[in-house]
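*Asks:* Please work out how this folds:
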Amino acid sequence: MIRGRASATLEIDRIGLAPALLAELKHVSSLHNLEFYEKERGRRWTGNTPRFIRCYQETVDRILLPRGLREHAESIVTKAGSTLEGAHLGLDKKRVGIFAARRKASGVVDIAWPRDSPGGRISRRPPRRTA
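*Replies:* Residues are numbered from 1 along each chain as shown. The predicted structure is shown next:
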C-alpha cells in the first residue's frame with residue numbers, strides 16, 4: 001500500500017517506493033521540450049534549454065504530481081502490484097464537464113456544456129470587421 005493525498009496536486013509518499021516505480025511516475029509527468037529539439041535541429045547551442053519539462057515537484061519524502069495524472073498514477077501503482085490509498089483518493093467528486101464548441105456558418109460560436117452542469121448554453125457572435 002502506497003500512501004498519498006489528493007489536493008491541488010497528487011502527493012505520493014516516496015519513502016519505501018521502489019526506484020523503478022518512482023522513475024515511471026516521473027516519466028509520466030514529464031514532457032518533451034520542443035524548443036530544445038528545434039534548437040538541436042538548427043545546430044544551435046542547447047546548454048540552457050532543458051530536454052524535458054518536469055511537471056512534478058519533489059520534496060524529501062513526497063513526489064507531487066499534477067492532479068490530472070491520478071488515474072495514470074493509480075494504474076502504474078496497480079501494475080506494480082500495490083494500491084494507492086489516502087485522503088481524497090477514493091472519492092469520485094463531481095468532475096467539471098468538458099464543453100463542446102462549434103462555429104456555425106453564420107459565424108456564431110455555440111458552446112454546449114453537459115446537461116448536469118450549471119453552464120447551460122452560450123452563444124456569442126464574433127465582433128464585426130470594419131474595412
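
*Asks:* which stretch of helix or strand covers Y37?
*Replies:* Per DSSP states H and E: Y37 is located in helix 34-41.

*Asks:* And that helix, what's buried?
*Replies:* K39 (16 or more other CB atoms under 10 Å). Where you see a C-beta, it was placed from the backbone N, CA and C, and this is true even at glycine.

*Asks:* just for this protein, where's the confidence low?
*Replies:* Counting by pLDDT under 70, the chain contains low-confidence residues at 87-131.

*Asks:* end-to-end on stretch 57-74?
*Replies:* Using CA to CA, to the nearest Å, the end-to-end distance of stretch 57-74 comes to 18 Å.

*Asks:* Please read the previous query as pertaining to stretch 7-17.
*Replies:* Terminal residues of stretch 7-17 lie 21 Å apart, using CA to CA.

*Asks:* do stretch 49-61 as well
*Replies:* Start-to-end, stretch 49-61 (CA to CA) is 28 Å.

*Asks:* which residues sit against it?
*Replies:* 9, 13-15, 25-26, 29-33, 35-36, 39, 63-66 (CB atoms under 8 Å, 6 or more residues apart in numbering).

*Asks:* Buried subset of those residues as a ChimeraX selection?
*Replies:* To isolate the buried members of the contacts of stretch 49-61 in ChimeraX, using 16+ other CB under 10 Å:
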select :9,14,25,26,29,33,39,63,64,65,66
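
*Asks:* Report the residue ranges of every domain in the chain.
*Replies:* Domain assignment for the chain by automatic domain parsing gives 2-87, 96-124.

*Asks:* now, of these, which is deepest in the fold?
*Replies:* Burial of the domains of the chain is given as mean neighbour count (mean count of other CB atoms under 10 Å); domain 2-87 ranks first at a mean of 14.

*Asks:* tell me the SS of the closest residue in space to A80 that isn't next to it in sequence?
*Replies:* Leaving out its chain neighbours, the residue that sits closest to A80 by CB to CB, 6 or more residues apart in numbering is L21, at 5.1 Å. Secondary structure for L21, judged by DSSP: H, G, I helix; E, B strand; the rest coil, is helix.
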